[in-house]
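1. show me how the following folds:
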Amino acid sequence: MTNMKYSLKRHFVIILISLVAGTILMCLLLNSTLLEEYYINNKINALIKAYNSINEASSAGDITTDNYDIELQKICGKYNINVLVADSDSETIKTSMADSEFVIKHLLHNIIIGVDPEDVLREGDNYKMQIVTDGRTQTEYIEMWGMLDSGSLFMLRSALEGIRESVSISNHFLTYVGVGAIGVSALLVIWLSNRITKPILELADISERMKHLDFNAKYTGNDKTEIAILGNNINELSETLEETISELKTANNELLKDIERKEQIDEMRKDFLSNVSHELKTPIALIQGYAEGLQEGINDDAESREFYCGVIIDEAAKMNTMVKRLLTLNQLEFGNEVVNMERFDITALIRNYVASAQILIRQKGVSVRMEDYGTIHVWGDEFRVEEVFMNYFTNAMNYAQGEKIVDVRIREEEKRVRVSVFNTGSPIPEESLEHVWEKFYKVDKARTREYGGSGIGLSIVKVIMESMNQEYGVVNYDNGVEFWFTLDNCADITL
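-> I've put the predicted structure just below:
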């Protein structure tokens, strides 16, 4: 898996949180440097608007009317402005200031004596603006004073309300909000990044499993994004790879088989004819003898005739079974059928076969043991592997003695899966171990004939396992015998 130090999720979170934090820091900087100036400009515009309204009302003679009083109150309330209008004799015409006499004196002082030009914020034809501090209340104001077009004097005041303190409070508030915003943004970004990176990590996991030839993993996202398109393409790639590997393994097995096939054909043909004639000699002689006995009427009673017929039928059935198995062995040895290498679940195959053999198991009085194995995928010809297991399992039931236990085990190794079938009973003599795979070889001929064995089953096992280039064998124990075979684990990429 990719080192998480370079995780896309981590980069995504860092970048977005950095953008949020940077935006908030920029807002704090702009707030500290520009807010005061912006606030003052806003006050200046409000004073000019109020001045224009008062000037128009004074020129039209409406300044003393009740209707204008209402309009003036709206302007003053909205912009926090105090107004004083006086005539040329310094008599108050309109005021919203508490100490009008003091304000008139201050207004006359400004008109007569003047103010320092450096203190003037803005100047028009009939007015000036400046920032002053009231000596009594230590309150900062923006003052606008001068003369109206009607000749009346005016003074407009608007308190700055501690603009610097307001900027500080605003910055503190913005800081708290910023920290909270960063926290909330971090959570949202983590959630969002999970939504984005989760399907990417799922695709990475699928590709990792595909690297080990595990094609069960599929992308399951149902969105319509580019990631979903990539996931669907990976699903199709997985199916194509599985099919291609199966075809390659099948072709590879056929190639390996062809190398040895020609050298073995003549020898197998000779062995086949020799063994068939030898094995069929006994049942044919029995059938012939009992048939002649019936023909000559050696015993005329019904019970004897039924016995003779039963022997003939039994021997004929054994011959029929032998011939079928010989045909199967012949096809395998001569390579008339292609070994179809495919991936399948060996656990399911074994469980299904054991379940189908329950009637035979009960008839034999055998106790079958098998652990609860999970799904284990292997490469092989599923039909022929079942034939191998059937031969092992049938032999185990027929030769089980003592406790009559048949123990089936599956063990996963590094690149192989080992399947074994153990039965309690007498071990196979050491001198017979290397011959059990030969056609028609019987360790206990009496017992083999008792259950109708032909000595061909393990030869079929040998041919099948060699056709798939797999291992097989037998192991003696003090209390029984174990037959085993191996198959390629699905993670084995060897072609």
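
2. hey, let's count contacts and neighbours off CA atoms from now on
-> Fine.

3. most centrally placed residue in the chain?
-> Centroid-nearest residue in the chain: residue 202, 3.3 Å away (criterion: CA atoms, centre = their mean).

4. does residue 404 touch residue 422 like I think?
-> No - using CA atoms under 8 Å, residue 404 makes no contact with residue 422, being 10.4 Å away.

5. give me the more crowded residue out of these two.
-> residue 422 (28 against 20; other CA atoms under 10 Å).

6. let me see the mean pLDDT of whichever helix or strand the more buried one is part of.
-> Under the criterion of DSSP states H and E, residue 422 resides in strand 416-424. The pLDDT scores in strand 416-424 average 96.

7. show residues contacting it.
-> Strand 416-424 is contacted by residues 378, 392-393, 396-397, 399-412, 479-489, 492 when judged by CA atoms under 8 Å, 6 or more residues apart in numbering.

8. what's the helix or strand for the closest residue in space to residue 50 that isn't next to it in sequence?
-> The shortest distance from residue 50 to any non-neighbouring residue, by CA to CA, 6 or more residues apart in numbering, is to residue 75 (6.6 Å). Using DSSP H and E, residue 75 sits in helix 66-79.

9. residue 83 in helix, strand or coil?
-> strand (DSSP: H, G, I helix; E, B strand; the rest coil).

10. most remote residue from this structure's center?
-> Outermost in the chain, CA atoms, centre = their mean: residue 89 at 89.8 Å.

11. need phi/psi at that one.
-> Backbone torsions of residue 89, given as degrees, to the nearest 10, read phi -90, psi 10.

12. in this structure, which helix or strand is least confident?
-> helix 445-450 (a mean of 46; mean pLDDT, DSSP states H and E).

13. after that one comes which helix or strand?
-> helix 457-467.

14. same question for that following helix, mean pLDDT?
-> Helix 457-467 comes out at a mean pLDDT of 88.

15. next helix or strand past it?
-> Next along from helix 457-467, by DSSP H and E: strand 472-477.

16. give me the sheet partners of the following helix or strand past that next one and which way each runs.
-> Using DSSP H and E, the next helix or strand after strand 472-477 towards the C-terminus is strand 480-489. Partners of strand 480-489 in the sheet, by DSSP bridges, are strand 377-380 (antiparallel), strand 416-424 (antiparallel), strand 472-477 (antiparallel).

17. in CSV: the ones you listed, plus distance to residue 367.
-> Converted to CSV, the strands paired with strand 480-489 look like this (distance: least, CA to CA, whole Å):
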stretch, distance to residue 367
strand 377-380, 27
strand 416-424, 10
strand 472-477, 18
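
18. so which of these is nearest residue 122?
-> strand 377-380 (89.2 Å; CA to CA).

19. which outside residues touch the closest one?
-> With CA under 8 Å, 6+ apart as the test, strand 377-380 has contacts from 340-346, 417, 468, 487-490.

20. ranges for the helices of the stretch 201-350 of the chain?
-> Counting by DSSP state H, counting those that start in this stretch, the stretch 201-350 of the chain has helices at residues 226-296, 302-334, 346-356.

21. mean pLDDT lowest for which of the ones you listed?
-> helix 302-334 (a mean of 68).

22. would you mind measuring from the closest residue to residue 367 other than its chain neighbours to residue 476?
-> Spatially, and ignoring its direct neighbours in sequence, residue 367 is nearest to residue 405 (4.8 Å; CA to CA, 6+ apart). Taking CA to CA, to the nearest Å as the measure, residue 405 falls 15 Å from residue 476.

23. and the next helix or strand past the helix or strand that contains residue 146?
-> Using DSSP H and E, residue 146 falls within strand 140-147. Sequence-wise, the next helix or strand downstream of strand 140-147 (DSSP H and E) is strand 153-159.

24. so that next one versus helix 66-79, what angle?
-> Strand 153-159 runs at 30 degrees relative to helix 66-79, counting by axes from the mean of the first three to the mean of the last three CA atoms, to 10 degrees.

25. relative to strand 140-147, how tilted is strand 153-159?
-> Calculated by the same axes, to 10 degrees, strand 153-159 forms an angle of 170 degrees with strand 140-147.

26. quick one: distance of strand 153-159 to the chain centre.
-> In this view, strand 153-159 has its centroid 72 Å away from the chain centroid, taken as CA atoms, centre = their mean, to the nearest Å.

27. only alpha carbons, please: show it as PDB.
-> C-alpha atoms of strand 153-159 as PDB (Å, rounded to 0.1, in the frame of the first residue of the first chain):
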ATOM      1  CA  LEU A 153     -25.100  78.700  10.200                       C
ATOM      2  CA  PHE A 154     -25.000  74.900  10.800                       C
ATOM      3  CA  MET A 155     -23.100  72.300  12.800                       C
ATOM      4  CA  LEU A 156     -23.400  68.600  12.200                       C
ATOM      5  CA  ARG A 157     -21.800  66.100  14.600                       C
ATOM      6  CA  SER A 158     -21.400  62.400  14.500                       C
ATOM      7  CA  ALA A 159     -19.600  60.500  17.300                       C
END
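
28. buried ones in it, by neighbour count?
-> Neighbour-count burial for strand 153-159, counted by 16 or more other CA atoms under 10 Å, picks out 153, 154, 155, 156, 157, 158, 159.

29. biggest separation within those residues, which pair?
-> Top of the distance list for these (CA to CA): 153 and 159, 20.3 Å.
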